[in-house]
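J.: A structural model of the following input is requested.
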Amino acid sequence: MAKKVVATLKTGAGKAHTKCIKMVKSEKTGAYSFKTEVVLNDQIKDFFAKK
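T.: Coordinates of the predicted model:
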């Protein structure tokens with residue numbers, strides 16, 4: 001099934017989206033976690049700018 005999803009994102013309107021992965025540090029423990037989100041190409045800077 002993963003191949004179908006990847007193939008769908010590469011064609012048509014899927015080229016307007018990008019999967020972004022950001023590393024976020026926890027305030028309580030100091031450990032790092034990853035925040036993953038699929039965003040529109042023109043909203044990538046906003047995704048990395050917000051905390």
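J.: from here on, contacts and neighbour counts on C-alpha atoms
T.: Will do.
J.: Geometrically speaking, which residue is the centre of the chain?
T.: residue 20 (2.5 Å; Cα atoms, centre = their mean).
J.: residue ranges for the strands of the chain, please.
T.: Listed in chain order, the strands of the chain (DSSP state E) span 17-25, 32-40.
J.: Among those, show me which one is buried the most.
T.: strand 17-25 (a mean of 13; mean count of other Cα atoms under 10 Å).
J.: which strands and helices sit next to that strand?
T.: strand 32-40, helix 44-49 (3 or more Cα pairs under 8 Å, 6 or more residues apart in numbering; DSSP states H and E).
J.: 10 Å - rerun?
T.: Counting contacts by 3 or more Cα pairs under 10 Å, 6 or more residues apart in numbering; DSSP states H and E, strand 17-25 is packed against helix 2-10, strand 32-40, helix 44-49.
J.: mean pLDDT lowest for which of the ones you listed?
T.: The minimum mean pLDDT among these belongs to helix 2-10 (a mean of 58).
J.: hmm, back to that, residue 51 is nearest to which of the strands of the chain?
T.: Nearest to residue 51, of all these, is strand 17-25, at 8.1 Å by Cα to Cα.
J.: Quick one: closest of the strands of the chain to residue 50.
T.: Short answer: strand 17-25, nearest of the strands of the chain by Cα to Cα, at 10.5 Å.
J.: May I have the strands that pair with the closest one, each with its orientation?
T.: Next to strand 17-25 in the sheet, as set by DSSP bridges, lie strand 32-40 (antiparallel).
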